[in-house]
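Trainee: Fold the stuff below for me.
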Amino acid sequence: MSEAGEPRPREGLETISERLVALADHDEVSVAQVLEGFGPASFVPLLVVPAFLVVTPLSGIPLLPTVLGLVIGLVALQMVARREHLWLPEVLKRRTISGRRLARAVEHARPLARWIDRNSRDRLAIFVAEPLATVARLACAACGLSMPFLELVPFSSSILAAAVLFFSVGFLAHDGLFVLFGVCVMAVAALIPLAIIF
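Mentor: Numbering: from 1, shown residues only. You can find the predicted model right below:
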């Protein structure tokens, strides 16, 4: 069993990206449509999607990293709380993005998705089992909730999103190595504001 009591998801990033492209057929795609497309009980895919989008050129759209960071934070915290169905406030669910821009961004990131799918597998299970799994979910929440404060710091949002993406792959593939990658990337992101200040 995986987060929030659901069976461990078996779809990889490539499958998730295909589902996003299908949603991009609309002129505008809302957070609510993404939630409906994946299902409110699919916590890990709904953690992957905003992280996946923030590592694409979409991160350059003003306020989009903030919105997606808040989504990541809320999803991760509800995973920690073991909720059965995801809840998001209406103000976030109403946020939209151009379907064309979404499709272009997903296509841009597909090579990364394919590489991750090829190289992730069941290993180092201790890092995706309790209690370390909860620590990883809290790390995802910290990354997401930090994005609104770091949006003006170049690359910070994308680096934090990459950390969340690696944590999420760890959950999807039961791959503790990717959880460790997430920890390393999160540490790099923490150094960026310090480098700017000092």
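Trainee: lowest confidence element among the helices and strands of this protein?
Mentor: For the chain, counting by mean pLDDT, DSSP states H and E, helix 176-197 ranks last in confidence among helices and strands (a mean of 85).
Trainee: Just the element for the residue lying closest to residue 171 once chain neighbours are set aside, please.
Mentor: What sits nearest to residue 171 in space, not counting adjacent residues and going by C-beta to C-beta, 6 or more residues apart in numbering, is residue 44, at 4.8 Å. Where C-beta positions appear, they are placed from N, C-alpha and C, glycine not excepted. In this assignment (DSSP states H and E), residue 44 forms part of helix 43-54.
Trainee: Extract the CA atoms of that helix and return them as CSV.
Mentor: Taking Å, rounded to 0.1, in the frame of the first residue of the first chain, the C-alpha atoms of helix 43-54 are listed here in CSV:
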residue,chain,number,x,y,z
PHE,A,43,-2.1,11.5,-4.4
VAL,A,44,1.3,10.6,-5.9
PRO,A,45,0.5,11.5,-9.5
LEU,A,46,-1.0,14.7,-8.2
LEU,A,47,2.3,15.4,-6.5
VAL,A,48,4.2,14.6,-9.6
VAL,A,49,2.2,16.8,-12.0
PRO,A,50,2.9,20.3,-10.4
ALA,A,51,6.5,19.4,-9.8
PHE,A,52,6.9,18.2,-13.4
LEU,A,53,5.4,21.4,-14.7
VAL,A,54,7.7,23.7,-12.6
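Trainee: Can you name the next helix or strand after that helix?
Mentor: Next in line after helix 43-54, if elements are assigned by DSSP H and E, sits helix 64-80.
Trainee: buried sites along that next one?
Mentor: In terms of neighbour count (16 or more other C-beta atoms under 10 Å), helix 64-80 has its buried residues at 64-80.
Trainee: Low-confidence stretches in the protein?
Mentor: Of all residues in the chain, those with pLDDT under 70 make up the ranges 1-10, 193-198.
Trainee: Grab the nearest non-local neighbour of the most centrally placed residue in the chain.
Mentor: The C-alpha lying nearest the average C-alpha coordinate of the chain belongs to residue 51 (C-alpha atoms, centre = their mean; 2.9 Å). Leaving aside its sequence neighbours, residue 51 sits nearest to residue 164 (C-beta to C-beta, 6+ apart; 3.9 Å).
Trainee: The helix holding residue 44 vs helix 176-197, what angle?
Mentor: 40 degrees (axes from the mean of the first three to the mean of the last three C-alpha atoms, to 10 degrees).
Trainee: ok, back up a step: quick check: the gap between the residue nearest to the centre of the chain and residue 84.
Mentor: 22 Å (C-beta to C-beta, to the nearest Å).
Trainee: Name the nearest residue to residue 58, ignoring sequence neighbours.
Mentor: residue 105 (4.5 Å).
Trainee: Secondary structure element holding the residue nearest to residue 51?
Mentor: Assigned by DSSP H and E, residue 164 belongs to helix 156-173.
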